[in-house]
Every structure is written in C-alpha cells, then in structure tokens.
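Trainee: pasting the structure only:
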C-alpha cells in the first residue's frame, strides 16, 4: 500500500520539484517554474480514488495542480 504524502497547509508557500514534473507539464508552465518554482497552496484536489493533489497559485496569478509528492516546502 502506498504511503500518503504529508499535505501542506492551505496558504503555505511551497516549491514544485521540477525533476518530478518535467515530463508531464506543458513547456510554457515548465519555463515559468524554471524561473520561479514557488507557489501558494490554494486548495486540495482529489486526483483519483487514492491521491490528493494541491492547487497552487503562482506569482503571475496563474494556477495549476500537482500531486502532493511533487511538492516540497519552500
């Protein structure tokens, strides 16, 4: 059984681990995250029957979600 990743609190600032997302995100978002991988946790997202993701808001106002294991504390 997979171990659950610890969830960051809503409102906390986190950092996207680029090594874990590089192959699955659009190039525009990758370029943005290369410049500044930090974002603020807006909410949680149920990803499937087992996982929870985090919805992040970035400095330019855009939002995107990531699996909890793709996020590190800032």
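Mentor: Yes, it's here. Everything quoted here is computed from the prediction, not taken from an experiment.
Trainee: Tally up the residues packed near residue 60, please.
Mentor: By the criterion of other C-beta atoms under 10 Å, residue 60 has 8 neighbours. From N, CA and C alone the C-beta is placed, and that goes for glycine too.
Trainee: who does the longest strand along the chain touch, helix- and strand-wise?
Mentor: In the chain, taking DSSP state E as the definition, the longest strand is strand 38-46. Judged by 3 or more C-beta pairs under 8 Å, 6 or more residues apart in numbering; DSSP states H and E, strand 38-46 is in contact with strand 13-16, strand 52-57, strand 63-67.
Trainee: Which among those strands is found nearest to residue 28?
Mentor: Among those, the nearest to residue 28 by C-beta to C-beta is strand 63-67 (10.6 Å).
Trainee: What residues of the closest one count as buried?
Mentor: Buried residues in strand 63-67, counted by 16 or more other C-beta atoms under 10 Å: 64, 66, 67.
Trainee: check contacts around the residue lying closest to residue 60 once chain neighbours are set aside.
Mentor: Counting by C-beta to C-beta, 6 or more residues apart in numbering, the nearest residue to residue 60 once its immediate chain neighbours are dropped is residue 32, at 7.0 Å. Residues near residue 32 by C-beta atoms under 8 Å, 6 or more residues apart in numbering: 58, 60, 62.
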